[in-house]
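In: Any chance you can model this:
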Amino acid sequence: MAARVMVFAKIKREDADAFELLRRREPADPDDEPLSYILLSEWESKDAFLTWEESTAHIAKRSPMHPYWAGTNERIIYDVAHAIKPSS
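Out: Numbering: from 1, shown residues only. From the prediction side, this is the model:
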């Protein structure tokens, strides 16, 4: 079953300009808290995500971001029960 993962993160104000480690980043609510972000990814399955998350390659890529986080990040994994595919 396909899965979607959302990570809710906050960046330290003093490091906001340095947070360019992600290819695409979008503020969660730019009017309320410009340093809050939601990272969304889609996966073939929950197990595929969890395997990747604990992989050496991912740990090496995420480690440089740790100093920029403000507090703890929240992660939610959703199973995709039904997907509507556009007609061709």
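
In: so what pLDDT did the closest residue to Pro67 other than its chain neighbours get?
Out: Spatial nearest neighbour of Pro67, excluding adjacent residues (C-beta to C-beta, 6 or more residues apart in numbering): Asp15 at 7.2 Å. The way it works is simple: take the backbone N, C-alpha and C, and place the C-beta from them, glycine included. We have a pLDDT of 72 for Asp15.

In: didn't Asp15 look like it was pressed against Tyr68?
Out: Yes - counting by C-beta atoms under 8 Å, Asp15 touches Tyr68, with 4.6 Å between them.

In: what's the following helix or strand after the lowest-mean-pLDDT helix or strand in the chain?
Out: Least confident helix or strand of the chain, by mean pLDDT, DSSP states H and E, is strand 27-29 with a mean of 55. The helix or strand immediately downstream of strand 27-29 is strand 33-43, counting by DSSP states H and E.

In: That next one packs against which elements?
Out: Judged by 3 or more C-beta pairs under 8 Å, 6 or more residues apart in numbering; DSSP states H and E, strand 33-43 is in contact with strand 3-10, strand 27-29, helix 46-53.

In: So for Asp15 and Tyr68, which sits in the more crowded spot?
Out: Tyr68 (18 against 14; other C-beta atoms under 10 Å).

In: Who is the residue most central in space within the chain paired with across the strands?
Out: The chain has Leu39 as the residue nearest its centroid, 2.8 Å off, counting by C-alpha atoms, centre = their mean. With DSSP bridges as the criterion, Leu39 is bridged to Val7.

In: Isn't it up against Met6?
Out: Yes - between Leu39 and Met6 there is a contact under C-beta under 8 Å: 7.2 Å.

In: Okay, the residue nearest to Trp69 when sequence neighbours are not counted and Glu74: tell me how far apart.
Out: Closest residue to Trp69 apart from its sequence neighbours, by C-beta to C-beta, 6+ apart: Ala9 at 6.1 Å. The spacing between Ala9 and Glu74, counted by C-beta to C-beta, to the nearest Å, is 8 Å.
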